[in-house]
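> Below is the sequence, then the predicted model.
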Amino acid sequence: QSALTQPASVSGSPGQSITISCTETSSDVGGYNYVSWYQQHPGKAPKVIIYDVRNRPSGVSNRFSGSKSGNTASLTISGLQVEDEADYYCSSFRSSSPVVFGGGTKLTVL
Amino acid sequence: EVQLVESGGGLVQPGGSLRLSCAASGFTFSSPWMTWVRQTPGKGLEWVANINPDGSEKLSVDSVRGRFTISRDNAKNSLYLQLNSLRVEDTAVYYCARGLGYMDVWGKGTTVTVSS
């Protein structure tokens, strides 16, 4: 089973851009096919903000974008806002295999 | 409004059992895969189990296999998670969510506390 590694924390100032990485560590060098990103504010349920590597659900700000290169997926938040302060989790999925979540990244907007 | 509402959590002793329920509304419940995800206090998310639309395919994480059982009743628009042989480390908020590859609708969660 694969594991997803995220930085424990990142920070940025309002208006800046930040990127959170999500690296798969497994014996499958082909990487993972379905990557999603979730935002979770304290005491709230997670909310999907990116699915299938780079797609945004309806209603999610275009300040959020996703990408993938090799075994590393990335979430970029541009034009940081105070309300973006939250925990962010990546997730990967392959057919007939368990869903895997990264350990989460705490974003602090200074 | 698309909604998932979990219930059934509570305080239980190690070795005990609970049945969690998730009531769905606002969408055709019989269509999507459904998933249970848990979050231990102050920690990250952990996928627990998922089930296909007709209930014939189920997957679960190694740590709960043989102890937890996911099921659904499409006639009642409900998802269930039977938790048996509970351990202290199963203490968590349990979320019900819609989807397989990604989960686009989440409930607010129900808290399970395993303690003597």
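Alright, I've got the coordinates.
> Could you report the pLDDT at residue 106?
In the absence of a named chain, this looks at chain A. pLDDT, A:Lys106: 97.
> Let me rephrase: I mean chain B.
At B:Trp106, pLDDT is 98.
> how near is it to B:Val5?
Distance of B:Trp106 to B:Val5, computed by C-beta to C-beta, to the nearest Å: 11 Å. Where C-beta positions appear, they are placed from N, C-alpha and C, glycine not excepted.
> Pick out whichever of the two has more residues nearby.
Set B:Trp106 next to B:Val5 and count neighbours by other C-beta atoms under 10 Å in any protein chain shown: B:Trp106 wins out with 22 against 13.
> Give me the neighbour count for the nearest residue to that one once chain neighbours are set aside.
Leaving aside its chain neighbours, B:Trp106 sits nearest to A:Ala45 (4.1 Å; criterion: C-beta to C-beta, 6 or more residues apart in numbering or on different chains). Residue neighbour count, defined by other C-beta under 10 Å, stands at 21 for A:Ala45.
> Which secondary structure state does A:Ala45 sit in?
Under the three-state scheme (DSSP: H, G, I helix; E, B strand; the rest coil), A:Ala45 adopts coil.
> now what about stretch B:30-41, what contacts it?
A:46, A:99, A:101, B:20, B:22, B:24, B:45-54, B:70, B:72, B:74, B:79, B:81, B:89-100, B:103, B:106, B:109, B:112 (C-beta atoms under 8 Å, 6 or more residues apart in numbering or on different chains).
> Narrow those to those in helices?
Judged by DSSP state H, helices contain none of the contacts of stretch B:30-41.
> Read off the pLDDT value for the residue most central in space within chain B.
A centroid search over chain B (C-alpha atoms, centre = their mean) returns B:Trp36, at 3.4 Å, as the residue closest to the centre. pLDDT for B:Trp36: 98.
> quick check, it in a helix?
No. The assignment for B:Trp36 (three-state DSSP) gives strand, which keeps it out of a helix.
> quick one: it from chain A, how far?
11 Å (C-beta to the nearest C-beta, to the nearest Å).
> roughly how far apart are the closest residue to that residue other than its chain neighbours and A:Val35?
Ranked by C-beta to C-beta, 6+ apart and with sequence neighbours excluded, the top spatial neighbour of B:Trp36 is B:Val48, at 4.2 Å. As judged by C-beta to C-beta, B:Val48 and A:Val35 stand 20 Å apart.
> Which elements pack onto the helix or strand of chain B with the lowest mean pLDDT?
The weakest-scoring helix or strand in chain B, judged by mean pLDDT, DSSP states H and E, is strand B:58-60 (a mean of 93). When contacts are defined as 3 or more C-beta pairs under 8 Å, 6 or more residues apart in numbering or on different chains; DSSP states H and E, strand B:58-60 packs onto strand B:45-51, strand B:68-73.
> Run through who's touching the longest one.
What that stands for is strand B:45-51. With C-beta under 8 Å, 6+ apart, strand B:45-51 has contacts from A:38, A:40, A:46, A:89, A:91, A:98-101, A:104, B:33-40, B:57-61, B:64, B:68, B:70-72, B:79, B:81, B:92, B:94, B:100.
> Having no further points to raise, I will conclude here.
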